[in-house]
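> give the three-dimensional model of this entry:
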Amino acid sequence: PLRLVGSEMCIRDRAYALFEGMALGGLSGLLDRMYPGVAVQAVIATLGVFAVSLFLFKSGRVRATAKSIKFLLIGMCGLIIFGLTNLVLTMTGVTGGQWGLRGVEVFGIPLGVIIGILAILMAAFSLIVDFGDIQDAVNDRAPEVESWRCAFGLTMTLVWLYVEIIRVLAILRGDD
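Sure thing, here's the model as predicted:
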C-alpha cells in the first residue's frame, strides 16, 4: 500500500490525487491536440522555472519576506477575481472567443499573455515561499507529519505554474 509519512494515505487523498491527475491530463491532452507539442513545452518550462527558483533560493539571492508575501497574496486575490469575472462574462456570452477577456489585446498583446506572465511570476515566487517553509520545517525539526503539508504546498504550486504556462503557450499558439 501507498505510505505517506508513516501512515496510510487515506481515501480522500487518493481521490484528490486521482482527480487532480485526471484534470491535468485532460487539460494537457486537449491543449496538446489543439496545439501539438504545447504540453511538452509546458513541462520543460515548468521544470526550468522550478530549477531557477530553487537556485535563487539556495543561493540566498531571493527570500520571502512578510511584506513580499502580502504582495503575493494581494496579487493572487486579484488573479482570482479576474478569473471569476472572466468565467462569468464568458459563460453569459458578454465576451466571445475561446479565452474571453484573456483574448482581448492590449497594445497588440493578448491580455491573457500579460496576466499569464504575471501569474507565472507569482507562482515562481510562491515556489520561493514553499522552499522557505520546507527549510523552516527542517531547521525547526518539525514532526514528520509536516512533510506532507510542505509536499502538498509545493505540488499545488507546481500544478498552478504548469497550468499558467500551458495556458500562455496555448494563447500564443492560437495565432498559428
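
> sec struct for residue 61, please.
When the structure is reduced to helix, strand and coil (DSSP: H, G, I helix; E, B strand; the rest coil), residue 61 reads as coil.

> and residue 73, by the same measure?
helix.

> report how many residues lie close to it.
Look at residue 73: counted by other C-beta atoms under 10 Å, it has 11 neighbours. Just so you know, the C-beta spots here come from the backbone N, C-alpha and C atoms, and that holds for glycine as well.

> where does it land on pLDDT?
Listed pLDDT for residue 73 reads 96.

> got the phi and psi for residue 108?
Per-residue torsions, residue 108: phi 80, psi 0 (degrees, to the nearest 10).

> residue 114 versus that one, what's the distance?
Residue 108 sits 11 Å away from residue 114, taking C-beta to C-beta, to the nearest Å as the criterion.

> who has more neighbours out of those two?
For the pair residue 108 and residue 114, the greater number of neighbours falls to residue 114 (15 against 5), based on other C-beta under 10 Å.

> the more buried one: what's it in contact with?
Residues touching residue 114, when contacts are defined by C-beta atoms under 8 Å, 6 or more residues apart in numbering, comprise residue 106.

> which stretches of this protein have low pLDDT?
Applying pLDDT under 70 to the chain picks out residues 1-9, 98, 175-176.

> which stretches in it count as helices?
Read by DSSP state H, the chain holds these helices, from start to end of the chain: 11-34, 38-58, 66-91, 111-139, 145-173.

> TSV for these, including distance to residue 101?
Shown next, in TSV, are those (distance: least, C-beta to C-beta, whole Å):
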stretch	distance to residue 101
helix 11-34	19
helix 38-58	21
helix 66-91	5
helix 111-139	6
helix 145-173	12
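
> roughly how far does residue 65 sit from residue 15?
Plainly put, residue 65 is 37 Å away from residue 15 if you go by C-beta to C-beta.

> please apply the same query to residue 130.
In this structure, residue 130 and residue 15 are 24 Å apart, going by C-beta to C-beta.

> comparing those two, which residue is more hemmed in?
residue 130 (22 against 10).

> surely that one meets residue 151?
No - with contact defined as C-beta atoms under 8 Å, residue 130 and residue 151 do not form a contacting pair (9.5 Å).

> what's the neighbour count on the nearest residue to residue 122 once chain neighbours are set aside?
Counting by C-beta to C-beta, 6 or more residues apart in numbering, residue 122 lies nearest to residue 75, which is 5.1 Å off, once chain neighbours are set aside. The burial metric for residue 75, expressed as a neighbour count using other C-beta under 10 Å, is 16.
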